[in-house]
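Participant: Build me a structure from this.
(chains A and B)
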Protein chains: 2
Amino acid sequence: MGQLDATYCYIDEHAAGMVADLQRLVRQPSISSTNVGVRECARLLAAMMGEVGISARVIETDGLPVVYGSILADRPNAPTLLIYTHYDVQPADPEAAWEAPPFEARIVGDRIIGRGTTDAKGNLMVHLKAVEALRATCGLPINVKFIFDGEEESGSPSLPAFFERHRALLAADAVLSFDGGFDAGDVPRITLGSSGLVSVTLRAHGAKKDLHSARARLVPNPAWKLVWALASMKSRDGTITIDGFYDHVRPPTEAERRLLEQAGWDDAAQLRDLGVDRFLGGVTGVDALQQLLYAPTCNISGIAAGYVGLGRKTLLPAVAEVNLDFRLVADQRPQDIVEKVKTHLVRNGFGDIEVFSESGVEPSRTSPDTPFARLVADAARIVYQREPRIAPTSDASGRQGVWFATKLGVPGAGSAIGPPDWRGHAANEFITLSHYIAGVKYAATIWTLFGDQQTTAPELAVSR
Amino acid sequence: MGQLDATYCYIDEHAAGMVADLQRLVRQPSISSTNVGVRECARLLAAMMGEVGISARVIETDGLPVVYGSILADRPNAPTLLIYTHYDVQPADPEAAWEAPPFEARIVGDRIIGRGTTDAKGNLMVHLKAVEALRATCGLPINVKFIFDGEEESGSPSLPAFFERHRALLAADAVLSFDGGFDAGDVPRITLGSSGLVSVTLRAHGAKKDLHSARARLVPNPAWKLVWALASMKSRDGTITIDGFYDHVRPPTEAERRLLEQAGWDDAAQLRDLGVDRFLGGVTGVDALQQLLYAPTCNISGIAAGYVGLGRKTLLPAVAEVNLDFRLVADQRPQDIVEKVKTHLVRNGFGDIEVFSESGVEPSRTSPDTPFARLVADAARIVYQREPRIAPTSDASGRQGVWFATKLGVPGAGSAIGPPDWRGHAANEFITLSHYIAGVKYAATIWTLFGDQQTTAPELAVSR
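Facilitator: Have a look, this model is predicted:
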């Protein structure tokens, strides 16, 4: 790693300026949920990207803008890495709970306190500083593209349309996302996948208006219709009985199962945390973790009809509605699942139930055997001098880096440079100076290894 | 009917005073839902009962008081009739919608306008005036007991406990209730039964608190548990699959079926009114009416879990709840049905679902062949000179006269003396002077026929 020594040296020597630039970005609020300062922050960010040589522009979406940037390698035939993270932040209220104003970015001891210091302006800024440090020392080893989302804290609703419109801008050999912080015990974390999700609302109709329940002898009850439709979709043993639902489920590989075994899953702690006596289906240990990460679901997230509560009403509801969310796993596809739900309903005599759905989030999973996944782990070992925790996938869903990778058909990985217990979404969010500076080195190291690997691993280029 | 001519004559001659007494009662508000004037009205009513010779008292219940009264026949060995109706009224708002103040009881043309003029102070007052008229002419032919409910407009919640506590006071040979008005076309109506009702709430539990829906892979969803439990209780063809549910259902007799055939049921009008294309199970004509009156139900009146609506939340609910109402038919019993629901759940592996229920309302049905039912119809023919509409039972449920009769194990009938379209529960409720005065005659005639019959129909005494 001789070539990186000079870069690390540069980063340590220029730490003060790197901290000052993070403070500058944090001081510009960018709260997406209330649209406070988001466009101002996008312009500031594009300017700061320009300062380190990135060609940047603010691209409008159906919602709040994406800040896009690209910079060419200082060598020929270099691979291209797409970086995804976000510049929007959570609201800061209640401000009274903060020990320093949330947008002051005050340094207290070894911490920079402020909304977005870790989530995700710190995670974002390390990439700009990696560009600066590499260009000032051994040169940028790869082409880098940047997608800085302005709506991540609101669920990135505009990202799918953005992706379709600007697909040509996004071509890359791999995708990396940085967001959040280390695991407990100050352990760096690498995530190689995420769950997919699609929400479906079923609405059943009876009479034109709510009726007195005495009429239930003559008029169909839409709540009963929903009950029977739902019971036809999932059996009591938990099996989802929608035809073809499991068709595209990709089971864990040997390497993934090994990662699960190393994850330190603790049944007792998880049961306590969830507030239940046993896991669904009676699974235990690594099997429980595998079920959490690899089993798709059909979950009733809400059901409503008529009136429930004090002073019961004897009514026959006119409408009944259920919200289902399907947590998907690679390689299921949201729209395929929605079609299967519709087909199931029609085939089972429930064709008069209305089905509403949204675009959903695709699940994604990069194998831990992929060269790109290996080099990200290697970079963590080099910079942090410890074994990273590698999660083959996540139980949650999001349009993050690995999602972009899946959409592009290339490997992807997510990591994070903030401290553990960084108080995400809460008062007194912070990043430590040392985690921030180490994060710049981590980014620079990943890029360097990616540049090295690409010259010896031509199979990556093929996957493009 | 020679003996009644003098009574009718008295009633006509004293109409002005009878109207004035109804006005006096209407002028005292007695709104049970807001407890406005109810106890004042109870005291006034007891005093007015005393004025015609009834021994009356206000009996406190768990809620608002019952006004109880009794008066002995002017002859020996007379049968006893229990009269049930109510002195509480609906609220009068919005008062601006009334053409005369709701508690003024103003006479406009042939109408007395005011809250309670028909529902049920008019229906009540005719009995006091029947006592007065009979005592002033040929003497009271029967013993009469009066239960004037103070909570009927609130569903008579205290009546079951009142019944149990004061059962000894209530012994009678038959029960008569008056409430409401004539059917369209100015046709007197006699109802010989009512449906029963019991509401049951089922509550299923999952984790201790709502969780992110990604946890649905490991934690049971109480909404699914309810769906499966419900699906086990009723099949898609509408059959209630709770063991023994139909055990005590008493089918219609030949006489009851004939009454259904005479009822003038109109499929098209009913379908239009209900807002559906066909009736449940595809029934038509008299069969549809029979299903409406004689089929018990298991109705989902409300179901709730998690969140439904705009901005879907991907959550795993901790609790799911369903309200079921069972519309019962003679001779099902509410508590028996609740026990059967509990047994069903335990036997089908849903023993961890909590069951909450209330006392319910018993269904009741007096055969149209009963001498008491026949004499009430005869009285209507005599007074109104037309054929009454006789309903063998009602799709609705209530703790009315027929309910009392069933509790006492004697025949019961319900009728009504108000005008058709009397604007019940709405602004400008009224009674016509002629319906009111004819109502006094109707009551006096029923009592007289009951006294006559009792001497020739000893089987009635046996049924006591």
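Participant: Now do the same contact list for the residue in the stretch 101-250 of chain A that chain B sits nearest to.
Facilitator: The nearest approach of the stretch 101-250 of chain A to chain B comes at residue A:208, 3.2 Å away (Cβ to the nearest Cβ). Glycine gets a C-beta too; all of them are placed from N, C-alpha and C. Residues in contact with residue A:208 (Cβ atoms under 8 Å, 6 or more residues apart in numbering or on different chains) are A:318, B:275, B:276.
Participant: is it true that residue A:205 touches residue A:219?
Facilitator: No - counting by Cβ atoms under 8 Å, residue A:205 sits too far from residue A:219 to count as a contact (11.1 Å).
Participant: These two: who's more crowded?
Facilitator: Under the criterion of other Cβ atoms under 10 Å in any protein chain shown, the comparison of residue A:205 against residue A:219 puts residue A:219 first, with 24 against 17.
Participant: Now that one: phi and psi?
Facilitator: phi -120, psi 130 (degrees, to the nearest 10).
Participant: Could I get the contacting residues of it?
Facilitator: Residue A:219 makes contact with A:206, A:207, A:211, A:316, B:274, B:276, B:279, B:280, according to Cβ under 8 Å, 6+ apart.
Participant: ok, so of these, who is nearest residue B:382?
Facilitator: Closest to residue B:382 out of those is residue B:274 (36.6 Å), distances taken as Cβ to Cβ.
Participant: How about the contacts made by the closest one?
Facilitator: Contact analysis of residue B:274 by Cβ under 8 Å, 6+ apart lists A:207, A:211, A:215, A:218, A:219.
Participant: Of the residues you listed, which qualify as buried by neighbour count?
Facilitator: A:207, A:211, A:215, A:218, A:219 (16 or more other Cβ atoms under 10 Å in any protein chain shown).
Participant: Export those residues to TSV and append columns for pLDDT and secondary structure.
Facilitator: Compiled in TSV, those are given as follows (pLDDT from 0 to 100; DSSP: H, G, I helix; E, B strand; the rest coil):
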residue	pLDDT	secondary structure
A:207	91	coil
A:211	90	strand
A:215	91	helix
A:218	95	coil
A:219	95	coil
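Participant: how far away is the residue of the stretch 101-250 of chain A closest to chain B from residue A:28?
Facilitator: 53 Å (Cβ to Cβ, to the nearest Å).
Participant: can you check residue A:367 too?
Facilitator: 39 Å.
Participant: which of the two has more neighbours?
Facilitator: The residue with more neighbours, out of residue A:367 and residue A:28, is residue A:28; 20 against 17, by other Cβ under 10 Å.
Participant: which residues touch the more buried one?
Facilitator: Contacts of residue A:28 by Cβ under 8 Å, 6+ apart are A:37, A:40, A:41, A:44, A:103.
Participant: Which one of those residues is nearest to residue A:10?
Facilitator: residue A:44 (24.1 Å).
Participant: The closest one falls within a helix, correct?
Facilitator: Yes - if the criterion is DSSP: H, G, I helix; E, B strand; the rest coil, then residue A:44 is within a helix.
Participant: Tabulate the contacts of residue B:274 (JSON lines), appending distance to residue A:23.
Facilitator: Formatted as JSON lines, these follow (distance: Cβ to Cβ, whole Å):
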{"residue": "A:207", "distance to residue A:23": "62"}
{"residue": "A:211", "distance to residue A:23": "64"}
{"residue": "A:215", "distance to residue A:23": "67"}
{"residue": "A:218", "distance to residue A:23": "71"}
{"residue": "A:219", "distance to residue A:23": "66"}
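Participant: Near chain B, which residues of the stretch 101-250 of chain A? Just list them.
Facilitator: When proximity is defined as Cβ under 8 Å from any Cβ of the partner chain, the stretch 101-250 of chain A approaches chain B at A:195, A:197, A:199, A:201, A:206-209, A:211-221, A:223-224, A:227-228, A:230-231, A:234, A:236.
Participant: Cross-reference those residues with the strands and report the matches.
Facilitator: Judged by DSSP state E, strands contain the following of these: A:197, A:199, A:201, A:211, A:212.
Participant: Pull out the buried members of these.
Facilitator: Buried among those (16+ other Cβ under 10 Å): A:197, A:199, A:201, A:211.
Participant: what's the longest helix in chain A?
Facilitator: When chain A is parsed with DSSP state H, its longest helix is helix A:433-456.
Participant: which secondary structure elements does it contact?
Facilitator: Identification of packing neighbours for helix A:433-456 by 3 or more Cβ pairs under 8 Å, 6 or more residues apart in numbering or on different chains; DSSP states H and E yields helix A:2-13, helix A:15-26, strand A:80-86, strand A:111-113, helix A:121-136, strand A:174-178, helix A:371-384, helix A:459-462.
Participant: any chance of those in CSV, with mean pLDDT and mean neighbour count too?
Facilitator: CSV is the format used below for those (pLDDT from 0 to 100; neighbours: other Cβ atoms under 10 Å in any protein chain shown):
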stretch, mean pLDDT, mean neighbour count
helix A:2-13, 93, 16
helix A:15-26, 98, 18
strand A:80-86, 97, 26
strand A:111-113, 98, 24
helix A:121-136, 98, 26
strand A:174-178, 97, 29
helix A:371-384, 97, 21
helix A:459-462, 41, 12
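Participant: Just send those back as JSON lines, with distance to residue A:437 too.
Facilitator: Shown next, in JSON lines, are the helices and strands packed on helix A:433-456 (distance: least, Cβ to Cβ, whole Å):
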{"stretch": "helix A:2-13", "distance to residue A:437": "6"}
{"stretch": "helix A:15-26", "distance to residue A:437": "5"}
{"stretch": "strand A:80-86", "distance to residue A:437": "18"}
{"stretch": "strand A:111-113", "distance to residue A:437": "11"}
{"stretch": "helix A:121-136", "distance to residue A:437": "9"}
{"stretch": "strand A:174-178", "distance to residue A:437": "14"}
{"stretch": "helix A:371-384", "distance to residue A:437": "10"}
{"stretch": "helix A:459-462", "distance to residue A:437": "29"}
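Participant: To residue B:24, which of these lies closest?
Facilitator: Closest among those, using Cβ to Cβ: strand A:80-86, at 76.4 Å.
Participant: roughly how far is the helix or strand hosting residue A:68 from the heart of the chain?
Facilitator: Take DSSP states H and E as the rule and residue A:68 turns out to sit in strand A:66-71. Centroid separation between strand A:66-71 and its chain, computed with Cα atoms, centre = their mean, to the nearest Å, is 19 Å.
Participant: Can you mark which positions in that strand are buried?
Facilitator: Residues of strand A:66-71 classed as buried by neighbour count (16+ other Cβ under 10 Å): A:66, A:67, A:68, A:69, A:70, A:71.
Participant: Please identify which of these is nearest to chain B.
Facilitator: Nearest to chain B among the buried residues of strand A:66-71, with distances taken as Cβ to the nearest Cβ, is residue A:66, at 22.6 Å.
Participant: confidence score at that closest one?
Facilitator: pLDDT, residue A:66: 98.
Participant: And for it, nearest residue in space, chain neighbours not counted?
Facilitator: residue A:59 (4.9 Å; Cβ to Cβ, 6 or more residues apart in numbering or on different chains).
Participant: which residues does residue A:423 contact?
Facilitator: So residue A:423 contacts A:429, A:430 (Cβ under 8 Å, 6+ apart).
Participant: typo on my end, it should be residue A:395
Facilitator: Residue A:395 touches A:195, A:292, A:293, A:327, B:214, B:215, B:217, counting by Cβ under 8 Å, 6+ apart.
Participant: Please flag which of those residues sit within helices.
Facilitator: Using DSSP H, those in helices are A:292, A:293.
Participant: now the helices: where do they sit in the stretch 151-300 of chain A?
Facilitator: Applying DSSP state H, counting those that start in this stretch to the stretch 151-300 of chain A gives helices spanning A:159-165, A:222-231, A:254-261, A:267-274, A:285-294.
Participant: Adding distance to residue B:180 and mean pLDDT, write those out as CSV.
Facilitator: As requested, the helices of the stretch 151-300 of chain A are arranged in CSV below (distance: least, Cβ to Cβ, whole Å; pLDDT from 0 to 100):
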stretch, distance to residue B:180, mean pLDDT
helix A:159-165, 60, 93
helix A:222-231, 31, 98
helix A:254-261, 70, 95
helix A:267-274, 55, 92
helix A:285-294, 61, 96
